[in-house]
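Colleague: dropping the sequence and predicted coords here.
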Amino acid sequence: MEGHLKITIFSYLDPKYSRTGVFYVWAKELGVDIKFVKVNSGFKNSISTLKNNIRSKRDFSETFIVGSPSHLLVWIFRLISRNKIYLDAGWSLTESTIIRSKNKMVWLKNYLIDYFAFRVAQIIFVESKEQLKYIKAKFNIPEHKMFVSYTGFDEISIKNSLRVRPQEISNLDDFVLVRGKNVKESGLENILNLAPFFPHIHFVFVTNTKPFDLIHPNVTWINRTISNGELAYLYEHCRLVFGQISDSERLKRTIPHKCFEALYFEKPYLAIKTPSMLEVFPSDYPFFINFDENFNVNIMDKLNSHELQTKAKEYVLKIKNRFSQENLSREFLSNI
């Protein structure tokens, strides 16, 4: 059946930066007739690109997927085609806006995009069970048209990459890895504030910008986009991986990319115990922490205890295959 499928994915992002790219790379490797079309921003550009890649308004033999975070394309797609639309939303644009912007007009625009995209799309894929509950309640979307599709990690591209040591850590062989954007939910500052209390542990931050002027001898910043080879090197040589450490409301629903990266590389993943993380790890996972007034004390055992780190890795090994690129992609495929 897979060989007879024709699938086109539309997204404003390249496959590398869209969660839908995890499925795309796997399906292409499997031999599925699939293509990924990057759409340039702007209404006219979007219309033109979609028209050029839809063979016929009446051709229902092809499956069309709008990839995350390109919800607006669902609207535009419906203007020119009656074909069934699958929206790999992951999450709502509205939720991201609440966290990253206080501009009410931006929030309203994204809410309207979400509202109509969720209604126009026949099937919606979301990143977690908690995200499904949130979108169902906030946008009044019927549960029967939503499916949970965990984001996963592009293992195939990583396997084929040549390992490269980042130049910023040329003399470093033992460290903990902190990776993420400089937004509140990532909690980079909360993690950075731990550094003075653990002078024997080196922290390597990989982020889009250097957000703080604080300088510690046991902190190294990599403030740029890294290659797959560098990413693999960092994971293969780090001691453990920090998840998102903050009190952001969104953490209750989201499961970040780096969680799946840590699973693939079999590294202990330090995370806040939230409803969404309990979809991945069992409740007795030894690397769960609470972000409260005892945070510094609670995290001390995790960072200093090799025994706890070994136990956490044992849990990771048990659940790794459940969230592999192949398993998650096959589940995604079965729903289209």
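Modeller: All right, it came through fine. Numbering: from 1, shown residues only.
Colleague: can I take it that Ser157 is in a helix?
Modeller: Yes - under DSSP: H, G, I helix; E, B strand; the rest coil, Ser157 sits within a helix.
Colleague: check it and give its pLDDT.
Modeller: We have a pLDDT of 94 for Ser157.
Colleague: for the closest residue to Leu231 other than its chain neighbours, give its distance to Trp107.
Modeller: Once flanking residues are discounted, Leu231 sits nearest to Ile158: 7.1 Å by CB to CB, 6 or more residues apart in numbering. Any C-beta I mention is one placed from the backbone N, CA and C, and that applies to glycine too. Using CB to CB, to the nearest Å, one obtains 36 Å as the distance from Ile158 to Trp107.
Colleague: tell me where the stretch 151-300 of the chain has strands.
Modeller: Ranges of strands in the stretch 151-300 of the chain, per DSSP state E, counting those that start in this stretch, are 176-179, 203-206, 219-222, 241-242, 269-272, 288-289.
Colleague: how about the stretch 1-150 of the chain?
Modeller: Going by DSSP E, counting those that start in this stretch, the stretch 1-150 of the chain shows strands at 6-11, 33-38, 63-66, 85-90, 123-126, 146-148.
Colleague: which one of the ones you listed lies nearest to Ser48?
Modeller: Across the strands of the stretch 1-150 of the chain, the minimum distance to Ser48, taken as CB to CB, is reached by strand 33-38, at 11.5 Å.
Colleague: run through the neighbouring helices and strands of the host helix or strand of Glu307.
Modeller: Under the criterion DSSP states H and E, the helix or strand holding Glu307 is helix 306-319. Taking 3 or more CB pairs under 8 Å, 6 or more residues apart in numbering; DSSP states H and E as contact, the helices and strands that helix 306-319 lies on are helix 257-264, helix 295-304.
Colleague: the strands of the stretch 1-150 of the chain: which one's closest to Gln167?
Modeller: Nearest of these (CB to CB): strand 33-38, 29.7 Å.
Colleague: that older thread, out of Ile158 and Trp107, which sits in the busier spot?
Modeller: Ile158 (18 against 15; other CB atoms under 10 Å).
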